[in-house]
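# predicted model and sequence below, questions to follow.
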Amino acid sequence: MSSWLLDRILGFAAKPAFAGESGVVTYGELHALVVKARAALAQLRLDRPTAFGLVGEHGPASTAWLLVLAEAGHYVAPLSGNPAEHPAKLAVIHAQWVVVVEGLEWKLLPRVDEPSNHPLFAQLREQGAPGLILFSSGTSGVPKAMVQDFGKLLASYASRRASDLSMLALLGFDHIGGLNTLFNTLAGGALLAVPASRAPADVAATIARHRVAILPASPTFLNLLLAAGVTAKLASLRVITYGAEPMPEALLARLKATFPRARLIQTFGTSETGITRTESPEAGSTFLRFEDPNLEWKVIDDELWLRSRTQIAGYLNASNERFTADGWFRTGDKVEQGPDGTLRILGRMGEMINVGGEKLMPAEVEAVVLGVAGVADCRVRGEPHALTGQTVVVDVVSTQADQEALRSGIRTACRERLARHKVPTRVTFVPSVSGERLKKLRSEPAR
Amino acid sequence: MLTREQALALVLRRLALLGKELGKPALEQADEQTRLFGEAAALDSIGLVTLIADLEEDIRVATGKTVFLADEKAMSRLTSPFRRTGLLAEYVVEIVGR
């Protein structure tokens, strides 16, 4: 359960815990909120594990409720971002109560619904375990509700040592990556700095103001950060972690040149199996090696399979076919195996583009296109084509006025470095790019 | 609307630019008899798809119309419009006129 973490929070009392729109809040003040939330929960006189929606963004009050609900063995779904998505999610979990957090305050709203009799909840009840429910975008557009043993997840942070390196909360309170940052911060007694929005300028201002040392991000966000011209404000960064999508080599090289004092660490995570620390065989390599005793991995037909101690019990509202009977999770990530147990993430299995029988992954083309002067960002995709089955199309966000020259420059660079079938035939210029692989960051509205 | 002459000018200009990009200077001297694709032709399939994509963009800029030059109809013609520059120009006129 979460008692060890609550004890630890009390021990860090004088240290700052959160910095954000409601100012700086210490661990002592966080603990006072925990006590207050615990009392409010007791007044509900719940006699059985109950499903809660917890509406809020990163902050002390939302964190207090998360920990109190875990302590009491309830099931909690953190809900952030666009409120229009919340009712459907509350219905999926048959929430009985909704905690709406605003600043340091909250409202407790009852919700009329029958408690869920889903076997996944029954399983948690039998084990006396609290539940955490997170949502991921399903391919059909319906969010998939993932249930896991919250106590086990929290316990995985118990070995985290005390740290004074403050972290930035880039991913949301409803996202496994955002929660991973939160629990790492709390378990180490560090400061979590919450930016006003995820716009690069706001993030840079927050990093400068609170001398943030650790920035967990994605390659796309880091690319935007470089493009925004705000790197002078980022001198306090000591560690930059990146994950969620393949890292183009050209971008990694630019990051190393821009942040010579920061360590660049690749992380790997799925909502289903949790976030894992990895090591690179050498600095600047896009290969990684899993360094996690709680995680097993294997590669089957170029697809990465994972089995972890903190993985979800299953989906409430989707088929569990991506889990095998013996507990392996098929990630859908296509990987390449290097020497000495290393791996490189190539992209999503479903993203493969097939040009006249010859295959490629978007990431390898994106890596080249991003290296072309005048390209701020890009997204490579396959388009049906009557001539070749599919053809390679690249959407480019450009910083250059002469599009004709840039189009030719992009194709020339690709021709020099890639097989013929991988060269984009169509180069389109767009104001911004979005896509399946990048959706984790982009789908979340600015706060 | 495009005339045959205008369409041919678009095709030849595009082919010349692509020739420069591909390092095939002969394409800069192309005329309406130049073979595009197939036997003894200047382009491979990727080259042809590239030419078509660029032409579609040119047509959009010139006429405001979004057209797809390569579709099943084009592919199933007895005489492929992608065989020679002149045939492609005529096909462009036809597609834009639809």
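That came in fine, so what should we check first?
# quick one, strands of the stretch 151-300 of chain A?
In the stretch 151-300 of chain A, the strands defined using DSSP state E, counting those that start in this stretch lie at A:167-168, A:192-193, A:214-217, A:239-242, A:263-270, A:274-279, A:289-290, A:295-300.
# columns distance to chain B on top of the ones you listed, output as JSON lines?
In short, each C-beta sits where N, CA and C put it, glycine included. Listed next are the strands of the stretch 151-300 of chain A as JSON lines, based on distance: least, C-beta to the nearest C-beta, whole Å:
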{"stretch": "strand A:167-168", "distance to chain B": "41"}
{"stretch": "strand A:192-193", "distance to chain B": "45"}
{"stretch": "strand A:214-217", "distance to chain B": "34"}
{"stretch": "strand A:239-242", "distance to chain B": "33"}
{"stretch": "strand A:263-270", "distance to chain B": "33"}
{"stretch": "strand A:274-279", "distance to chain B": "36"}
{"stretch": "strand A:289-290", "distance to chain B": "37"}
{"stretch": "strand A:295-300", "distance to chain B": "31"}
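# can I get the ones you listed in JSON lines including mean pLDDT and mean neighbour count?
Output for the strands of the stretch 151-300 of chain A, formatted as JSON lines (pLDDT from 0 to 100; neighbours: other C-beta atoms under 10 Å in any protein chain shown):
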{"stretch": "strand A:167-168", "mean pLDDT": "97", "mean neighbour count": "24"}
{"stretch": "strand A:192-193", "mean pLDDT": "98", "mean neighbour count": "26"}
{"stretch": "strand A:214-217", "mean pLDDT": "95", "mean neighbour count": "24"}
{"stretch": "strand A:239-242", "mean pLDDT": "93", "mean neighbour count": "20"}
{"stretch": "strand A:263-270", "mean pLDDT": "86", "mean neighbour count": "19"}
{"stretch": "strand A:274-279", "mean pLDDT": "82", "mean neighbour count": "20"}
{"stretch": "strand A:289-290", "mean pLDDT": "90", "mean neighbour count": "18"}
{"stretch": "strand A:295-300", "mean pLDDT": "93", "mean neighbour count": "14"}
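# need the helix or strand of the chain with the lowest average pLDDT.
Just so you know, I chose chain A. Within chain A, no helix or strand scores below helix A:439-442, which has a mean of 31 by mean pLDDT, DSSP states H and E.
# right idea, wrong chain: chain B
None of the helices or strands of chain B scores lower by mean pLDDT, DSSP H and E than helix B:72-75, at a mean of 77.
# chain A contacts on chain B?
Proximity of chain B to chain A, by C-beta under 8 Å from any C-beta of the partner chain, involves residues B:17, B:20-22, B:44-46, B:48-50, B:52-54, B:57, B:70-72, B:74-75.
# among the residues you listed, name the ones in helices.
Among the residues of chain B next to chain A, the members falling in helices are B:17, B:20-22, B:45-46, B:48-50, B:52-54, B:57, B:72, B:74-75 (criterion: DSSP state H).
# hmm, which two among those residues are most spread apart?
B:20 and B:72 (31.7 Å; C-beta to C-beta).
# of those two, who's got more company?
Taking neighbours as other C-beta atoms under 10 Å in any protein chain shown, residue B:20 and residue B:72 compare with residue B:20 leading, 14 against 7.
# surely that one and residue B:28 touch.
Yes: with contact defined as C-beta atoms under 8 Å, residue B:20 counts as touching residue B:28 (6.6 Å).
# what mean pLDDT does the helix or strand residue A:394 falls within have?
Here residue A:394 sits within strand A:389-398, counting by DSSP states H and E. The pLDDT scores in strand A:389-398 average 93.
# what does that strand rub up against?
Strand A:389-398 is touched from outside by A:353-357, A:360, A:365-366, A:369, A:374-385, A:406, A:410, A:421-433, B:49, B:53, with contacts defined as C-beta atoms under 8 Å, 6 or more residues apart in numbering or on different chains.
# tell me the strands beside it, with direction?
Paired neighbours of strand A:389-398 in the sheet (DSSP bridges): strand A:375-385 (antiparallel), strand A:426-429 (parallel).
# buried set for the last one?
Applying a neighbour-count criterion of 16 or more other C-beta atoms under 10 Å in any protein chain shown, one finds A:426, A:427 buried in strand A:426-429.
# with only the CA atoms kept, save it in PDB.
Written as PDB, here are the backbone C-alpha positions of strand A:426-429 (Å, rounded to 0.1, in the frame of the first residue of the first chain):
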ATOM      1  CA  ARG A 426       5.500  13.700 -52.000                       C
ATOM      2  CA  VAL A 427       6.700  16.500 -49.800                       C
ATOM      3  CA  THR A 428       3.900  18.600 -48.400                       C
ATOM      4  CA  PHE A 429       4.300  21.700 -46.200                       C
END
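# that one: how far from the chain's middle?
29 Å (C-alpha atoms, centre = their mean, to the nearest Å).
# for that strand, what is the average pLDDT?
For strand A:426-429, the mean per-residue pLDDT is 94.
# what's next to that strand, contact-wise?
A:383, A:391-398, A:403, A:406-407, A:410-411, B:50, B:53, B:57.
# now do the first one
Contacts of strand A:375-385 with the rest of the structure, by C-beta under 8 Å, 6+ apart, involve A:220, A:223-224, A:227, A:353-355, A:362-363, A:365-366, A:369-370, A:390-399, A:406, A:410, A:424-426, A:432-435, A:438, B:49, B:70.
# just the buried members of those residues?
Buried members of those, scored by 16+ other C-beta under 10 Å, are A:220, A:223-224, A:353, A:355, A:362-363, A:365-366, A:369-370, A:390-398, A:406, A:410, A:424-426, A:433, A:435, A:438, B:49, B:70.
# quick one: residues contacting the closest residue to residue A:230 other than its chain neighbours.
Of all residues not flanking residue A:230 in the chain, residue A:204 sits nearest, at 3.8 Å (C-beta to C-beta, 6 or more residues apart in numbering or on different chains). Contacts for residue A:204 (C-beta under 8 Å, 6+ apart) come out as A:225, A:228, A:230, A:231, A:233, A:234.
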